[in-house]
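>>> 3D, please:
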Amino acid sequence: MPLEPIGQLMDDARKGGYAVGYFESWNLESLQGTIDAAESVCAPVIIGFNGEFLSRAGRRAEERLSWYAELGKEAARSANVPCGLIFNECPNDEWVERAAMAGFNLVMPADAAAAPEDYTRRVRELTALAHQCGACVEAEVGELPCGSAGGGAAGGALTDPDAAARFVAETKVDLLAVSVGNVHIRVKGEQGLNLKRLREIHKKVPVPLVLHGGTGISPLALMQAIALGVTKVNYGTYLKQRYLQAVRSALKRDLPNPHELLGMGGDPDVMVAGRLAVRDAVLERIKALGCCWRK
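Below is the predicted model:
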């Protein structure tokens, strides 16, 4: 089926009392695994790619954004569940514009280093352009701490409810990502959320709320957050952890025929191992969102 409008996905989630998962992909197998999982439990899903990573100046080889857009759109067309397509968390405005024009139906400008007034201006301008292209915009107020070091989460700032309300009114964004105790790149463990702060935000912000850092949020906290306006939850770290574990295990096999490890599609195939690992990882997390058997 064609890409499902993001507004429709969010409206259905609000009415149904569930959240839609964004399960980030980085190659064909991770995208296949996400669709496999969503189809197996009849769940709407958001697929997509990380804009910060793809647009990084330090990449060894330049990426072609149009390839990712076409891959995502075709994946959605071939899926038998509703799919949205996001270009996620990109600080490069030119890439965000190109993503909207290329057919991503959700884009997210994100730049923690920008001054608040500068970020507001840029998001307002990008939102107007994206809406002309038929795309929705997600933005963020507040900053998530980072857990990539493996110990306690560092940095971050909770979302201010009044600032969030002003931002949404000024920019006309369609979704708002918030910082309420969730952690980016949490590589170990889970924790709850600041539900008091989330409740305050929900009272003042009319658009659907988004939680990044789904990997480190406990199932109970997710259930409570959905009741307080969260309609989209992002997952990335957990998927890559499981993918890498499976691929490393598959590569331990000593097979003289390289095609058995790459491309033949049997049990030893590294690509199959990665796809199935992502599928299973998505299935482990998607049920907590309450979106299974909705379509």
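
>>> the strands in the chain, which residues?
Counting by DSSP state E, one finds strands in the chain at the ranges 20-23, 45-50, 83-90, 106-109, 136-141, 175-178, 209-211, 230-235.

>>> between the second one and strand 230-235, how many degrees?
Read that as strand 45-50. Here the directions of strand 45-50 and strand 230-235 differ by 50 degrees (axes from the mean of the first three to the mean of the last three C-alpha atoms, to 10 degrees).

>>> so where is the stretch 51-200 of the chain shaky, pLDDT-wise?
147-154 (pLDDT under 70).

>>> on that earlier part again, just put the strands of the chain in a markdown table and tack on distance to residue 294.
For the C-beta atoms, the positions are set from N, CA and C on the backbone; glycine is no exception. Output for these, formatted as a markdown table (distance: least, C-beta to C-beta, whole Å):
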| stretch | distance to residue 294 |
| --- | --- |
| strand 20-23 | 9 |
| strand 45-50 | 10 |
| strand 83-90 | 13 |
| strand 106-109 | 19 |
| strand 136-141 | 20 |
| strand 175-178 | 19 |
| strand 209-211 | 18 |
| strand 230-235 | 13 |
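
>>> Mind checking those for the one nearest to residue 203?
Closest to residue 203 of the strands of the chain is strand 209-211 (C-beta to C-beta; 11.4 Å).

>>> The strands of the chain into TSV, with extra columns for distance to residue 192 and mean neighbour count?
Conversion of these to TSV gives the following (distance: least, C-beta to C-beta, whole Å; neighbours: other C-beta atoms under 10 Å):
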stretch	distance to residue 192	mean neighbour count
strand 20-23	19	27
strand 45-50	24	26
strand 83-90	24	27
strand 106-109	25	30
strand 136-141	20	26
strand 175-178	15	26
strand 209-211	12	25
strand 230-235	13	26
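
>>> what residues are up against the closest residue to residue 10 other than its chain neighbours?
The shortest distance from residue 10 to any non-neighbouring residue, by C-beta to C-beta, 6 or more residues apart in numbering, is to residue 208 (4.4 Å). Residue 208 makes contact with 10, 13-14, 174-176, 229-232, according to C-beta atoms under 8 Å, 6 or more residues apart in numbering.

>>> Any figure for the gap between residue 208 and residue 180?
Using C-beta to C-beta, to the nearest Å, residue 208 is found at 15 Å from residue 180.

>>> Same question for residue 168.
Plainly put, residue 168 is 16 Å away from residue 180 if you go by C-beta to C-beta.

>>> ok, now residue 9?
With the distance defined as C-beta to C-beta, residue 9 ends up 22 Å from residue 180.

>>> just residue 60 next, same as before
Relative to residue 180, residue 60 is positioned 36 Å away (C-beta to C-beta).

>>> try residue 66
Distance, residue 66 to residue 180, by C-beta to C-beta: 36 Å.

>>> The two: which is more packed in?
More crowded of residue 66 and residue 180, by other C-beta atoms under 10 Å: residue 180, with 25 against 13.
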